[in-house]
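In: Got a predicted structure here, sequence first:
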Amino acid sequence: MIPPTGERNARVSLTESIHDKIKTPPVKIPDSALKTGIYDLTKEELGSPIELREGVTLRYLTPPHRKRWLLDKLLLGSDLTFLYGYFRQIIRGRKDALAGTFFDPRWIELSGGILELMEGCGGKFQIEGIENVISPKGPVIFAGNHMSVLETFVFPYFLVPHRRVTYVVKESLIKGNFFGPIMRTRDPIAVGRENPREDLVKVLEEGVALLKKGVSIVVFPQSTRTISFNPAEFNSIAVKLAARAGVQVVPFAIKTDFWQNGKLMKDLGTLSRKNTIHMKFGKAIDPKEDSRKAQETLLNFVLTNLKEWKVPILDSNS
C-alpha cells in the first residue's frame, strides 16, 4: 500500500528535520533542586526540552489539587467524557497526518492532550527517572513491559522533546484507516507477530537503519499487552537490536491499568479510576560487552518495579 504524498513526505522528514521544528525553550532546573536532589516538573515542563543538572532526578506527579472534570463526574462514572476527548484528539491528528503536517510538535501536542484528558477523568500519574530519558547521548532503545495502549499515547509527550522517536508496532496499526495515517508518519517498524523469526529479522534490519539515522526506538518485548507480567514472554529483541546497532538500552517499567484493555476492541477499554499510573525509567544499559547480562538487568528492572506496584507476576514455569 503506497501512502499519499503528504504522508510520504512526513515520514521522510522524521529522520531529517521534524525534530528541528520544536521551538519550546529548554527548562532550567533551579538551584533549590540541588538541596533535595529531586525536581518535580510541571506538566508544561514535562513536555519541554530540559537541561539536566548533575545530582538532580526528575519526576512528574499529578498535582494533589488536580480536580476531576465536572462533566466526567456528572456522567456518573461512565467513560463518555474520555471517549469524546480521545476520538477528538485522534481525528484532529489524523487530519494533520493526511495533510502531511503531523510533525514532532504536533505529536507532542496530541500526546499531552491525551495525558491532560486522563487527568481530567481522574488519572493520577507518577513518572520517575526522566533524567534517564534525557542523559544518554545519541539514539537509544527504550524497552520495558506493555500493559495498555496508554503508554503508547503518553510516552511521546516527554520522549520526543529530547530525541526523534518511533515504535515497533503491529502491522495492523499502520494498515488501518483510523490510526494508520498517524502511525505511518512516525516511520514505525511494523511486525506481523505471526512469524517470530521474520519479525526479528525485520526489527534488526530496519531498526539498525533507523538508529544510524539518529532515531530512537520504543520496543515492547512481549507478545501482547497484559495486565499481569510473565517473565518467560519478555524476549531479548530490544537487547539484540541495541547490541547490533551499538547503542544503549534505557529500561522502563509501567503500570497503566488505569486504561484497561477492551474485551471486544483491545484499544477501547474502560477506565479504572482507582489505579495510579506508574512509569519509571532506569539508567541506560550497554549490551555490547555481555548481552545476556544486559537482558537480565533489563528484566530485573521491570520485575522490581512491577512487584513494588503490586502487579501480578506469573510463574515462568507455569
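Out: That came through, no problem. Just so it is clear, the model here is predicted, and its values are computed rather than measured.
In: So which residues of the protein form strands?
Out: Counting by DSSP state E, the chain has strands at residues 27-28, 38-40, 50-51, 57-61, 125-128, 140-144, 165-170, 189-191, 216-219, 248-255, 277-281.
In: Show me the one of the ones you listed that comes nearest residue 298.
Out: Closest to residue 298 of the strands of the chain, according to CB to CB: strand 248-255, at 4.9 Å. All C-beta atoms are positioned from the backbone trio N, CA, C, and that covers glycine.
In: would you turn the strands of the chain into JSON lines with mean pLDDT?
Out: Output for the strands of the chain, formatted as JSON lines (pLDDT from 0 to 100):
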{"stretch": "strand 27-28", "mean pLDDT": "96"}
{"stretch": "strand 38-40", "mean pLDDT": "98"}
{"stretch": "strand 50-51", "mean pLDDT": "96"}
{"stretch": "strand 57-61", "mean pLDDT": "98"}
{"stretch": "strand 125-128", "mean pLDDT": "98"}
{"stretch": "strand 140-144", "mean pLDDT": "98"}
{"stretch": "strand 165-170", "mean pLDDT": "92"}
{"stretch": "strand 189-191", "mean pLDDT": "91"}
{"stretch": "strand 216-219", "mean pLDDT": "97"}
{"stretch": "strand 248-255", "mean pLDDT": "98"}
{"stretch": "strand 277-281", "mean pLDDT": "98"}
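In: Residue 267: which of those is closest?
Out: The closest approach between residue 267 and any of the strands of the chain, judged by CB to CB, belongs to strand 165-170 at 10.5 Å.
In: number of nearby residues for residue 187?
Out: By other CB atoms under 10 Å, 22 other residues sit near residue 187.
In: thinking again about what came up before, with mean neighbour count and distance to residue 263 added, can I get the strands of the chain in TSV?
Out: Below are these laid out as TSV (neighbours: other CB atoms under 10 Å; distance: least, CB to CB, whole Å):
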stretch	mean neighbour count	distance to residue 263
strand 27-28	15	41
strand 38-40	15	37
strand 50-51	16	39
strand 57-61	19	31
strand 125-128	20	25
strand 140-144	27	25
strand 165-170	20	18
strand 189-191	20	24
strand 216-219	24	26
strand 248-255	25	20
strand 277-281	24	21
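In: With distance to residue 90 as extra columns, can I get those strands in JSON lines?
Out: Putting those into JSON lines (distance: least, CB to CB, whole Å) gives the following:
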{"stretch": "strand 27-28", "distance to residue 90": "28"}
{"stretch": "strand 38-40", "distance to residue 90": "30"}
{"stretch": "strand 50-51", "distance to residue 90": "27"}
{"stretch": "strand 57-61", "distance to residue 90": "23"}
{"stretch": "strand 125-128", "distance to residue 90": "20"}
{"stretch": "strand 140-144", "distance to residue 90": "23"}
{"stretch": "strand 165-170", "distance to residue 90": "15"}
{"stretch": "strand 189-191", "distance to residue 90": "19"}
{"stretch": "strand 216-219", "distance to residue 90": "19"}
{"stretch": "strand 248-255", "distance to residue 90": "21"}
{"stretch": "strand 277-281", "distance to residue 90": "20"}
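In: Show me where this structure dips below the pLDDT cut-off.
Out: Scanning the chain for pLDDT under 70 picks out 1-20, 264-266, 316-318.
In: Go again with 80.
Out: Across the chain, the ranges flagged by pLDDT under 80 are 1-22, 77, 173, 175-177, 193-194, 196, 223, 262-268, 315-318.
In: residue nearest the centroid of it?
Out: Residue closest to the mean C-alpha point of the chain, counted by CA atoms, centre = their mean, is residue 155 at 3.0 Å.
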